[in-house]
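Colleague: coords please:
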Amino acid sequence: MSDPLELGRVTGERPPFKYSALTRVWFSDTDAQGVVYYGRYLPYFDHARTEYHRHLGAAVHAEGAEFVMRASSVEYHAPARFDDLIEAFVRIARIGRTSVTYECAAHRLPDGERMTTAAQTLVLVDLVTRRPVPIPEGLRVPVRAFEGEDLAE
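Modeller: Alright, predicted model coming up:
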């Protein structure tokens, strides 16, 4: 397939975010109170991160190395419920020597109410030694081009 299906989109709706992905709240995402179980937002953000990198054409790994989660913090602002449509915004806010910090936000559509915000830091580690390794320039270039002045290095 020469034109892969993207499950996200470029957007200028919520600066500094430039990319988002849509997801639907499934029944299995909800708890006994009928709201999205707090841990289910992490897969929504994983989905958005994956589509973000697919859009950039930037791999989420380097030869002999992979990104692993170092830290994740989520703040909950409003409850989402079964069948809500969620727009998960994602951006790389910072690229360090061995780590990348993402910012995420989930908003309900069509009203745009903010459900959650998150920050996640991933570290590039060698697959054999499991030690941090420098992020190659080839992984930085597409992120710089997309995020522009909003990217901290």
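
Colleague: can you give me the helices in this structure?
Modeller: According to DSSP state H, the chain carries its helices in the segments 41-56, 137-147.

Colleague: tell me the angle of the longest one relative to helix 137-147?
Modeller: To tie it back to what came earlier, the one meant is helix 41-56. Orientation check (axes from the mean of the first three to the mean of the last three C-alpha atoms, to 10 degrees): helix 41-56 against helix 137-147 gives 100 degrees.

Colleague: what's in contact with helix 41-56?
Modeller: With C-beta atoms under 8 Å, 6 or more residues apart in numbering as the contact definition, helix 41-56 has outside contacts at 4, 6-8, 10, 19-21, 23, 59-60, 72, 74, 76, 86, 88-92, 102, 104, 106, 115-116, 118, 120, 142-143, 146. Any C-beta I mention is one placed from the backbone N, CA and C, and that applies to glycine too.

Colleague: Please enumerate the strands of this protein.
Modeller: 8-10, 19-24, 61-62, 65-76, 85-95, 99-109, 114-126 (DSSP state E).

Colleague: JSON lines for those, including distance to Tyr41?
Modeller: Formatted as JSON lines, the strands of the chain follow (distance: least, C-beta to C-beta, whole Å):
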{"stretch": "strand 8-10", "distance to Tyr41": "16"}
{"stretch": "strand 19-24", "distance to Tyr41": "10"}
{"stretch": "strand 61-62", "distance to Tyr41": "24"}
{"stretch": "strand 65-76", "distance to Tyr41": "6"}
{"stretch": "strand 85-95", "distance to Tyr41": "8"}
{"stretch": "strand 99-109", "distance to Tyr41": "6"}
{"stretch": "strand 114-126", "distance to Tyr41": "5"}
